[in-house]
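J.: Below are the sequence and a predicted model; questions follow.
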Amino acid sequence: MRFRSTRAPAGRTVALSRALLAGLAPDGGLYVPEALPLRSAEEFADCTTPAQIAARLLAPFFAGDPLAPHLEGLARDAFGWPLRLRALRGPGPAGRVLELFHGPTLAFKDLGARFLAAALEHLPRASGERLTVLVATSGDTGGAVAAAFDGRSAIDVVLLYPRGGVSARQEHQLTCWSRNVRAFAVRGSFDDCQRLVKGAFADSDLLRSRRLTSANSINVGRLLPQTVPYAWAALLHHREHGEPLGFVVPTGNLGNALAALWARAMGLPVGPVVLVTNANRAIPESLEHGAWRPRPAVRTLASAMDVGDASNMERLLDLVPDWRALRGRVRAFAVDDDEIRARIRMDAERRGEIWCPHTAAAAEVLATRLAHEGGAFAIVATAHPAKFEGVVEPLVGRSIEVPERLAALLRRPACIRELEATPEALRAVLRV
């Protein structure tokens, strides 16, 4: 399959490998498949594991590409830890939980980051050429990318995160890696970090001295594997209940939600996709008004969703260009910090469920905005609550057990560096 830029619907196309290595298209657009292949539930009847579903679901995108022979191995590598779909515990509105946080850094982004890291390592490069992976992160992406690329030969990683805009444990996960992974606390917001990354990809002088790619969800190599958990959960639910499964997705840069929408567009039994933001309301307000209205990000308890200018809105509008049609296909709700606090406290007391702030936002929407709707919904649990102990523990009145995977990372020494939010400062870092 070939891939094109969102800014050139009828323009030049590239192979998957080229799209992965480039990260961004030359015109500044995001790579998308020329067409999403239509699939049916029957095609996956003999697939029982996420890895098997991944290999079959993603095969059309890899067809004809040098990475095609490696797809099954990439799927086994990326889906080497469990996904979990379970019923919500305790009294209250019925629903399900899709847990995506059982990977190395306890965040859903482990899946796409691991897949992309393994794919890039398979791609040939000139002798001695190093690839630099440049990433803007609001917390979980950077930790997942760092873990996925740590120690990989001939690949350097530079992570940019907003100073003071991530939890203490998230920051440790960003800054505790080996020499090929460097993290910088940018004196600004996540949107500043994202602006620096996009500017670097447009800097022709820099690109002559460094081969850059991205592991943000702007890289299509991150998005494609993220469709798999939605396909797996929807197929599992459909086999058991004969109906589609809707998803309530906490979202910041829109990559995770877009993956669910791509899975639905491919014909998988995915029901309604409901987007949940925090006090950064650009997405729900834009859907309401019928025009994209980015705004400066504000900091909230759900820090990984502190995004005011979601990159993947460009892909969403490529998928559904008409705003009126888009409002018929997705809904979005904003949840503020007080609602997040109340939901964490309430569900811990009444249900025995302990949520991270992002998952709590989704749980709030399910309980208060969707409670009287028909059909089955699963809230998407994107991170383990132990990563946000400073928020969660005071609300639930007890300490949260730290899984050993996180505890092992927290025992590593960390190195915190700061960076001005200027292209010149980033350029100096990348040329080292």
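T.: Sure, I can see it. Residues are numbered from 1 along each chain as shown.

J.: Tell me the pLDDT of Ser127.
T.: We have a pLDDT of 53 for Ser127.

J.: With the one 4 residues further on instead?
T.: In this prediction, Leu131 carries a pLDDT score of 90.

J.: shouldn't it be in contact with Ala154?
T.: Yes - the criterion here is C-beta atoms under 8 Å, and Leu131 meets it with Ala154 at 6.5 Å. C-beta here means a position set from N, CA and C on the backbone, and glycine is covered the same way.

J.: So for the two, which residue has more residues nearby?
T.: Taking other C-beta atoms under 10 Å, Leu131 and Ala154 do not tie; Leu131 has more neighbours (19 against 13).

J.: and Trp355, what helix or strand is that in?
T.: According to DSSP states H and E, Trp355 maps onto no helix or strand at all.

J.: looking at this protein, which helix or strand is least sure?
T.: Among the helices and strands of the chain, helix 204-209 carries the lowest confidence by mean pLDDT, DSSP states H and E, at a mean of 87.

J.: ok, which stretches of the stretch 301-432 of the chain are helices?
T.: Assigned by DSSP state H, counting those that start in this stretch, the stretch 301-432 of the chain shows helices spanning 313-319, 323-329, 337-350, 357-368, 389-396, 404-410, 423-430.

J.: Sketch out the low-pLDDT regions of the stretch 201-350 of the chain for me.
T.: By pLDDT under 70, the stretch 201-350 of the chain contains no weakly predicted segment.

J.: ok, 90 please
T.: Counting by pLDDT under 90, the stretch 201-350 of the chain shows low-confidence ranges at 201-202, 204-211, 213-218, 297, 303-304.

J.: Tell me where it has strands.
T.: Counting by DSSP state E, counting those that start in this stretch, one finds strands in the stretch 201-350 of the chain at the ranges 211-214, 245-250, 270-277, 330-334.

J.: Kindly report the same for the stretch 1-150 of the chain.
T.: Listed in chain order, the strands of the stretch 1-150 of the chain (DSSP E, counting those that start in this stretch) span 2-5, 14-15, 31-33, 84-87, 96-99, 131-136.

J.: Just put the ones you listed in a markdown table and tack on distance to Leu430.
T.: Below are those laid out as a markdown table (distance: least, C-beta to C-beta, whole Å):
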| stretch | distance to Leu430 |
| --- | --- |
| strand 2-5 | 23 |
| strand 14-15 | 23 |
| strand 31-33 | 22 |
| strand 84-87 | 39 |
| strand 96-99 | 36 |
| strand 131-136 | 6 |
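
J.: still on that earlier bit, neighbouring contacts of the least confident helix or strand of the chain?
T.: Helix 204-209 is contacted from outside by 200-201, 212, 427, 430-431, using C-beta atoms under 8 Å, 6 or more residues apart in numbering.

J.: what's the answer for stretch 65-81, then?
T.: So stretch 65-81 is contacted by 1, 15-17, 20, 49-52, 54-55, 58-59, 62, 102-104, 110-112, 114-115, 118-119, 122-124, 225, 228 (C-beta under 8 Å, 6+ apart).

J.: Go again with 6 Å.
T.: 15-17, 50-51, 54-55, 62, 102-103, 111, 114-115, 118-119, 122, 225 (C-beta atoms under 6 Å, 6 or more residues apart in numbering).

J.: in that stretch, what counts as buried?
T.: Going by neighbour count (16 or more other C-beta atoms under 10 Å), the buried part of stretch 65-81 is 65, 67, 70-71, 74-79.

J.: Over to stretch 114-132?
T.: Buried residues in stretch 114-132, counted by 16+ other C-beta under 10 Å: 114-120, 123, 131-132.

J.: picking up where we left off before, most tightly surrounded among the helices of the stretch 301-432 of the chain?
T.: Highest mean neighbour count of these: helix 357-368, a mean of 27 (counted as mean count of other C-beta atoms under 10 Å).

J.: ok now it, how far from the chain's centre?
T.: Computed by C-alpha atoms, centre = their mean, to the nearest Å, the chain-centroid distance of helix 357-368 equals 18 Å.

J.: which strands and helices sit next to that helix?
T.: Taking 3 or more C-beta pairs under 6 Å, 6 or more residues apart in numbering; DSSP states H and E as contact, the helices and strands that helix 357-368 lies on are strand 245-250, strand 270-277, helix 337-350, strand 376-381.

J.: Specify the stretch among the ones you listed that is closest to Arg398.
T.: Set against Arg398 and scored by C-beta to C-beta, those come closest in helix 337-350, at 8.8 Å.

J.: The closest one vs helix 357-368, what angle?
T.: For helix 337-350 against helix 357-368, the angle between stretch directions is 80 degrees (axes from the mean of the first three to the mean of the last three C-alpha atoms, to 10 degrees).

J.: got the buried residues for stretch 83-96?
T.: Neighbour-count burial for stretch 83-96, counted by 16+ other C-beta under 10 Å, picks out 83, 85, 88, 92, 95-96.

J.: Max pairwise distance over these: which two?
T.: Maximum pairwise distance in the buried residues of stretch 83-96, criterion C-beta to C-beta, is 23.6 Å, between Leu83 and Gly92.
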